[in-house]
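1. sequence first, predicted model second:
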Amino acid sequence: GPAVFISYSEWFKNSFGSASSYHGSSKKSLIFLLKFLTDLVPFETAQYLKVHILYPPYVASKYRVILLEYISLAKTRLSDLQVSIEELGLYEDLSTAHGPPKPQCQAMQDVERAILIFENSGKIPASVMEASIFRRPYYLTRFLPALLTPRVLPVSQDSRVALINSLKKADKIPDSVYSSYVHACERERQHLLEGVSGSEEMQHPMEPVGVL
């Protein structure tokens, strides 16, 4: 069959993201890897630096300071390139040759992916929980507004409602934001009812009263 090539981000995570990776139990191998990545920083393109920052190599806690030094250097290089890491989505393929989606489109894609994962697992996706802590600007200004797009809520709870309720119970949605969402959804329902009522009146206009 045809060869299947995984994305760079998937390859990097698979190769260096766990304790079982070749460098996981060897300080010498870890230092070699981080020195190699550090030496590449001035020549690395932004998309690869983003992968290394968002999916860093696994390191034991006692060596974490070495990793943080590399991440700080990589972020500085991204800043020099005038690239913001906060606009990155939760699930986008960082290796794609095409330009990244617009922030609003990326957030909608992240929401759909998160709902699908939640639907299958019954748990809030780890990427969403991590974003709520470590990537709050994206989570609060992109992800939540996309998730909390006002709509007429279904009679039976669907996966989106269930995810929203779970995030609310986990204190991951500010009370004021949730309250605004509930009110906006109620307005959507009222608009729908008014539209249905007006449509029925147009279809069944009152007959004029005849002169007696």
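-> Yep, that arrived.

2. run a quick neighbour tally on Arg160.
-> Arg160 is flanked by 20 other residues according to other CB atoms under 10 Å. In this view, the C-beta of every residue, glycine as well, is placed from N, C-alpha and C.

3. and the nearest residue to it once chain neighbours are set aside, what does it touch?
-> Spatial nearest neighbour of Arg160, excluding adjacent residues (CB to CB, 6 or more residues apart in numbering): Ile115 at 5.5 Å. Taking CB atoms under 8 Å, 6 or more residues apart in numbering, we find Ile115 in contact with Ser159, Arg160, Leu163.

4. which ones among those lie within helices?
-> Assigned to helices by DSSP state H, the following of the contacts of Ile115 qualify: Ser159, Arg160, Leu163.

5. before we move on, the earlier item: okay, and the residue nearest to Arg160 sits in which element?
-> helix 103-121 (DSSP states H and E).

6. what's the average pLDDT for that helix?
-> Mean pLDDT, computed over helix 103-121, is 87.

7. for the residue sitting nearest the centre point of the chain, give me its contacts.
-> With distances taken as CA atoms, centre = their mean, the chain has Leu90 as the residue nearest its mean C-alpha position (3.2 Å). If you count contacts by CB under 8 Å, 6+ apart, Leu90 has them with Asp110, Arg113, Ala114, Pro125, Ser127, Val128, Ala131, Tyr138, Phe143.

8. so, if you compare these, which one comes nearest to Phe12?
-> Among these, Ser127 lies closest to Phe12 (CB to CB), at 16.0 Å.

9. rewinding a little: tell me the SS of the residue nearest to the centre of the chain?
-> Following DSSP: H, G, I helix; E, B strand; the rest coil, we place Leu90 in the coil state.

10. how many residues are close by the closest residue to Lys172 other than its chain neighbours?
-> Among residues not flanking Lys172 along the chain, Ser132 sits closest, at 4.8 Å (CB to CB, 6+ apart). Ser132 has 20 neighbours, counted by other CB under 10 Å.

11. quick one, the helix or strand where Ser132 lies and helix 103-121 angle?
-> Using DSSP H and E, Ser132 maps to helix 126-134. Orientation of helix 126-134 against helix 103-121 (axes from the mean of the first three to the mean of the last three CA atoms, to 10 degrees) gives an angle of 130 degrees.

12. my guess is Tyr91 contacts Ala126. True?
-> No. Here Tyr91 does not reach Ala126: they are 11.7 Å apart, not a contact under CB atoms under 8 Å.

13. distance of Arg142 from Ile53?
-> According to CB to CB, to the nearest Å, Arg142 stands 18 Å off from Ile53.

14. equivalent analysis for Ser18, please.
-> 18 Å.

15. who's more crowded, the two?
-> More crowded of Ser18 and Ile53, by other CB under 10 Å: Ile53, with 17 against 11.

16. which residues are in contact with the more buried one?
-> Ile71, Ala74, Lys75, Leu78, Ile85.

17. among the residues you listed, which one has the most neighbours?
-> Ala74 (24 neighbours).
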